[in-house]
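J.: need a 3D model of the following:
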Amino acid sequence: MKKRYLTFIIICVLLFLVIYIISNNNIKFTTKSNSIEIEHNTISISEMNMDLYYLEKQVIDNHPALKDKDTLDRFKGKMDYAYEKIDSIKSNDEFVFLVMEILATLKDGHTAVDLYNGSYNAIDLNFKWLDEGMIINEGNEVLKKGDKVLKIGNMKPEQILLNMKKFIPSENDYWLKYKSEQFLPTKMFLNHLGLINNKDKVDVLVEDYNGKIKNVQLSFNNYISIMEKYYNLRPFYYEINNNKSIGIFYLNFCIYNEQYIKKVEEFFHDIKKDRIEKAVIDLRKNSGGNAVVIGEFLQYINVEKVELLNDVWFSNSINEQTDLFNGEIYVLTSKETFSAAHGFAGVFKNNNIGLIVGEPTGNATLAYGNAPRCELPNSKIEFNVATDIFKIPNKGAYSNTLEPDIYITYTRQDIILSNDPIIEWVIDCN
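T.: Here you go, the predicted model:
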């Protein structure tokens, strides 16, 4: 507590000093490799103090959860812990993880350190976290699709997940598993978890589909961009299968623009023209965006009044049309379905517009959103802080995920055979 007040008193003096040092010593911040780095000097204790003070103020001033006194007290307790811990921090990566640990206490997937800029030194470990465990979904010279990870370094998957939970803000384990798929292979995370051996490699114990167990060593031989690897997708497009009488609209990002409006219009025009019986909206790769996209779909569906998000209502403005879609509607979800996409699924589920098929979403039914980006003044760590409550329509009690009406999950065999069991179910169901 004392350090916080001391920081407040000297903040102006230190800010002047920091500006002077940066301008005269050519200190730069970069995300070129596996974390935030400083070219010449490591961040000082006084600079970390200033950054923590700034972080604390941004969260307390903006996050709706901290209006609750118990939540506020817990957060302040975590801040006290962080102010005490900076004396022992030896590297910039350690400070990044300290900031992540602070934000993770809020258990809000929108309030988190932004780790998506730059590239990361990583091992070639591409896996999906299924109900069956960590399953390799992209093979390489030593790993095959379908191999099951039994241990990384000295940790079993369940131990890894518990450790990742300390640093990745999440409302449920579905979102935590998805984020772990992205960041666990990076040297930044593997090093922090103590999973790198003394040869600067990572031991991975796996079991193949026939039950044979082998130990492989993976090297840090490539750099990956998380944005390029996981989010380099077409934002929206559709396919129509006349033989199966099904149209699938792939909505990978909730982007609302003229192209989106036109594409939705074309989709419904084509499925009505071809007398398609099933309309599918695939949100399995969609981590959010602009929730306005929901209303555009509703205009072409035979509904009158629909409850949207945060108790807002929609009334169909083109009900004069006689050819609104009256067929079956399916919305596909996964642990990657988050934010506005999660809200999209919730609107369709709880207004009885469509059947939700697939896996539980990565969001809680009562969560937080509208999270502008901020930047710590010294370390230049970027982070987001939610500013609004995000509530989907709800028939019953709120929960930490939106459960599908029909639960279908990928299996180890699906990965090996490149099957899509969710699409197959929709096509085959009557």
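J.: which SSE is residue 60 in?
T.: helix 45-62 (DSSP states H and E).
J.: I'd like to know which elements that helix is packed against.
T.: Packing partners of helix 45-62 (3 or more CB pairs under 8 Å, 6 or more residues apart in numbering; DSSP states H and E): helix 2-25, helix 69-85, helix 92-104. C-beta coordinates here come from the backbone N, C-alpha and C atoms, glycine included.
J.: I'd like the mean pLDDT over it, please.
T.: Helix 45-62 shows a mean pLDDT of 97.
J.: make sure residue 387 is actually in contact with residue 370.
T.: Yes - the pair residue 387 / residue 370 is scored as a contact, 5.0 Å apart, by CB atoms under 8 Å.
J.: pull out the buried positions in the helix holding residue 60.
T.: Residues 46-56, 58-59, 62 are the ones in helix 45-62 that count as buried (16 or more other CB atoms under 10 Å).
J.: also stretch 198-206?
T.: So stretch 198-206, judged by 16+ other CB under 10 Å, has buried residues 202, 203, 204, 205, 206.
J.: so what pLDDT did the last one get?
T.: With respect to pLDDT, residue 206 scores 98.
J.: using the three-state scheme, assign it.
T.: For residue 206, the secondary-structure state derived from DSSP: H, G, I helix; E, B strand; the rest coil is strand.
J.: that one bridge partners, please.
T.: residue 149, residue 214 (DSSP bridges).
J.: try the first one
T.: In this structure, residue 202 has the following beta-bridge partners (DSSP bridges): residue 218.
J.: does it touch residue 196 like I think?
T.: Yes - at 5.8 Å, residue 202 counts as touching residue 196 under the criterion of CB under 8 Å.
J.: mutual contacts of those two, please.
T.: Shared between the contact lists of residue 202 and residue 196 (criterion: CB atoms under 8 Å, 6 or more residues apart in numbering) are residues 153, 190.
J.: whichever strand or helix holds residue 332 pairs with which strands, parallel or anti?
T.: Using DSSP H and E, the element containing residue 332 is strand 328-333. Note on strand 328-333: by DSSP bridges, its sheet partners are strand 278-282 (parallel), strand 355-358 (parallel).
J.: in that strand, what's buried?
T.: 328, 329, 330, 331, 332, 333.
J.: and if you look at stretch 230-248?
T.: So stretch 230-248, judged by 16+ other CB under 10 Å, has buried residues 230, 235, 236, 238, 240, 245, 246, 247, 248.
J.: related to what we said a few turns ago, between the buried residues of stretch 198-206, which is closest to residue 95?
T.: residue 202 (23.6 Å; CB to CB).
J.: how near is that closest one to residue 190?
T.: 6 Å (CB to CB, to the nearest Å).
J.: shared neighbours, these two?
T.: 123, 152, 153, 196.
J.: right, and residue 55 touches residue 102 too?
T.: Yes - judged on CB under 8 Å, residue 55 makes contact with residue 102 at a distance of 6.7 Å.
J.: per-domain residue ranges of the protein.
T.: 2-106, 120-224, 233-363+401-428 (automatic domain parsing).
J.: distance to residue 381 added to those domains, as TSV?
T.: Converted to TSV, the domains of the chain look like this (distance: least, CB to CB, whole Å):
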stretch	distance to residue 381
domain 2-106	6
domain 120-224	13
domain 233-363+401-428	21
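J.: go through these and name the closest to residue 378.
T.: domain 2-106 (3.9 Å).
J.: for the nearest residue to residue 224 once chain neighbours are set aside, give me its contacts.
T.: Distances taken as CB to CB, 6 or more residues apart in numbering put residue 122 closest to residue 224, at 4.9 Å, once the chain neighbours are dropped. If you count contacts by CB under 8 Å, 6+ apart, residue 122 has them with 34, 185, 186, 187, 220, 222, 223, 224.
J.: residue 93 versus residue 122, what's the distance?
T.: Relative to residue 93, and taking CB to CB, residue 122 is found at 14 Å.
J.: shaky segments in the stretch 251-400 of the chain?
T.: Filtered on pLDDT under 70, the stretch 251-400 of the chain yields the residue ranges 317-322.
J.: sort out for me which of the contacts of residue 122 are in helices.
T.: residue 187 (DSSP state H).
J.: make CSV out of the contacts of residue 122 and add distance to residue 323, pLDDT and neighbour count.
T.: Converted to CSV, those look like this (distance: CB to CB, whole Å; pLDDT from 0 to 100; neighbours: other CB atoms under 10 Å):
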residue, distance to residue 323, pLDDT, neighbour count
34, 55, 39, 21
185, 49, 98, 23
186, 51, 97, 24
187, 56, 97, 21
220, 57, 97, 21
222, 52, 88, 12
223, 52, 93, 15
224, 47, 93, 19
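J.: among the contacts of residue 122, name the ones in strands.
T.: 222, 223, 224 (DSSP state E).
J.: could you save the residues you listed as a markdown table and add columns showing distance to residue 295?
T.: Converted to a markdown table, the ones in strands among the contacts of residue 122 look like this (distance: CB to CB, whole Å):
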| residue | distance to residue 295 |
| --- | --- |
| 222 | 42 |
| 223 | 41 |
| 224 | 36 |
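J.: all helices for the stretch 201-350 of the chain, in order.
T.: 226-231, 258-273, 293-298, 340-350 (DSSP state H, counting those that start in this stretch).
J.: go through those and pick out the most buried.
T.: helix 340-350 (a mean of 27; mean count of other CB atoms under 10 Å).
J.: that older thread, check the buried residues of helix 45-62 and tell me the two furthest apart.
T.: Of all pairs in the buried residues of helix 45-62, the most separated under CB to CB is 46 and 62 at 24.9 Å.
J.: give me every residue that touches residue 186.
T.: Residue 186 touches 34, 120, 121, 122, 224, counting by CB under 8 Å, 6+ apart.
J.: swap that for residue 342, sorry
T.: So residue 342 contacts 288, 333, 361, 362, 363, 367, 392, 402 (CB under 8 Å, 6+ apart).
J.: for those, give me CSV that also has distance to residue 339 and secondary structure.
T.: As requested, the contacts of residue 342 are exported to CSV (distance: CB to CB, whole Å; DSSP: H, G, I helix; E, B strand; the rest coil):
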residue, distance to residue 339, secondary structure
288, 3, coil
333, 13, strand
361, 10, coil
362, 8, coil
363, 6, coil
367, 8, strand
392, 11, coil
402, 12, coil
